[in-house]
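Sequence first, then the predicted structure:
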Amino acid sequence: ELQNDDLVLLCTDGLYGEISDDVIKSRLMHVTAADLVGPCARALVDSAKAAGGRDNITAVLARF
């Protein structure tokens, strides 16, 4: 069950196939309630591109 201020990440294997779960978790853990989720999603995509970006990369991040 989602709680107030929970983050939900929907992404393709182009993201999680290029960067580790630990990197993804680390970036998400540093998003505060005041932060916009767009820059975090963009940073995740940029990290996947920098790691090789061999597939389509999609990341949708939502705060509830």
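Received, thanks.

Confirm for me that residue 9 is in contact with residue 61.
Yes - with contact defined as CB atoms under 8 Å, residue 9 counts as touching residue 61 (5.3 Å). Any C-beta I mention is one placed from the backbone N, CA and C, and that applies to glycine too.

quick one: buried residues of stretch 18-35?
Neighbour counts over stretch 18-35 (16 or more other CB atoms under 10 Å) mark 18, 19, 24, 27, 28, 31 as buried.

distance between the ends of stretch 16-31?
Stretch 16-31 has an end-to-end distance of 18 Å (CA to CA, to the nearest Å).

helix/strand/coil for residue 10?
The three-state label given to residue 10 by DSSP: H, G, I helix; E, B strand; the rest coil is strand.

Number of residues surrounding it?
11 (other CB atoms under 10 Å).

Report the contact partners of it.
Counting by CB atoms under 8 Å, 6 or more residues apart in numbering, residue 10 touches 58, 59, 60, 61, 62.

rewinding a little: I'd like the buried residues of stretch 18-35 laid out as CSV, including pLDDT.
Shown next, in CSV, are those (pLDDT from 0 to 100):
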residue, pLDDT
18, 94
19, 95
24, 94
27, 90
28, 91
31, 85
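
Let me know the closest of the residues you listed to residue 48.
Lowest distance from residue 48 to those (CB to CB) belongs to residue 18, with 4.0 Å.

Show me the strands in this protein, by range?
With DSSP state E, the ranges of strands along the chain come out as 7-11, 59-63.

Contacts for the longest helix along the chain, please.
As assigned by DSSP state H, the longest helix anywhere in the chain is helix 37-50. Here helix 37-50 makes contact (CB under 8 Å, 6+ apart) with 7, 9, 11, 14-15, 18-19, 23-24, 27-28, 31, 57-63.

So what would you say the end-to-end distance of stretch 23-34 is?
Using CA to CA, first and last residues of stretch 23-34 are 21 Å apart.

Now tell me what touches it from outside.
Taking CB under 8 Å, 6+ apart as the rule, stretch 23-34 contacts 5, 7, 9, 15, 16, 37, 40, 43, 44, 47, 61, 63.

Pull the number of nearby residues for residue 15.
Using other CB under 10 Å, residue 15 has 24 neighbouring residues.
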